[in-house]
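Participant: Pasting a predicted model and its sequence here:
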Amino acid sequence: MTELSTPAAEAPARPSAPRRALRWITDRPRADGPLFRFPVFGLLALGIAAVATGIARTAIDELVRIAGGKTPTGSKRLLGERGVVQMQVAQAEAALESSRAWLRATVDEAWETARSTGAIPVAQRAALRLAATEATARATRAVDLMYDAGGGTSIYATSPLQRCFRDVHVVTQHAMVASSTYELTGRLLLGLETDSAML
């Protein structure tokens, strides 16, 4: 009978663990400073929200580009001359920029707290998660508006709007910005007993 596994004595040595890897999400930081005082889950949510808002900015810019040169089938006017498209672009811009402003303000407040007191309290940790989740939701709404405004142009695999639509909806499925965050932060806002471990 043939031996299928390599005997332990002949097994290759395992490489040592990377020196700049996070072994476990609850590891304590090895450095000090405001950034290292931020909650891990909050930082993760902020990174995800940044991706979503970047996708939304791309979608708005792409729709503006298309609208300036596309004449929809059966129309004599450019896409950008349609009142509904003008409204959709304005709504998308407002959704994106208002949520980004709130996200930035929340991060600035948490940063100042971390810098001055050395710790971010539960209420601010919840605010970070809530602002990141809402920014992701509003960015998704902005992309949906641009995808709709683009009409048939949006559906092709070569269309950046199709890619934005697909990518932003993938982002919404991440646990750090999922709709369950609203329940978690809502419990805290209502003063109910809440497990804040994921904040």
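Facilitator: That came in fine, so what should we check first?
Participant: which secondary element of this protein has the worst mean pLDDT?
Facilitator: When each helix and strand of the chain is scored by mean pLDDT, DSSP states H and E, helix 34-37 comes last, with a mean of 88.
Participant: Name the residues of that helix that come out as buried.
Facilitator: R37 (16 or more other CB atoms under 10 Å). Yep, even glycine has a C-beta here, placed from its N, CA and C like the rest.
Participant: Give me the number of neighbouring residues for the closest residue to S75 other than its chain neighbours.
Facilitator: Nearest residue to S75, sequence neighbours excluded (CB to CB, 6 or more residues apart in numbering): R82, at 7.9 Å. When neighbours are defined as other CB atoms under 10 Å, R82 has 15 of them.
Participant: what's the least confident helix or strand of the chain packed up against?
Facilitator: helix 83-117 (3 or more CB pairs under 8 Å, 6 or more residues apart in numbering; DSSP states H and E).
Participant: What is the distance between the following helix or strand past the helix it packs on and the centre of its chain?
Facilitator: As assigned by DSSP states H and E, the chain's next helix or strand after helix 83-117 is helix 122-149. Remark: helix 122-149 is offset 7 Å from the chain centroid, using CA atoms, centre = their mean, to the nearest Å.
Participant: that older thread, can you name the residues in contact with the least confident helix or strand of the chain?
Facilitator: The set of residues external to helix 34-37 that reach it, using CB atoms under 8 Å, 6 or more residues apart in numbering, is 29, 111, 114-115, 118-120.
Participant: now the helix or strand following that helix against helix 83-117, angle please.
Facilitator: Once the chain leaves helix 34-37, the next helix or strand it forms, by DSSP H and E, is helix 40-67. Using axes from the mean of the first three to the mean of the last three CA atoms, to 10 degrees, the inter-axis angle of helix 40-67 relative to helix 83-117 is 150 degrees.
Participant: I'd like the mean pLDDT over helix 40-67, please.
Facilitator: Averaging pLDDT along helix 40-67 yields 97.
Participant: now do stretch 80-87
Facilitator: Rounded mean pLDDT across stretch 80-87 is 96.
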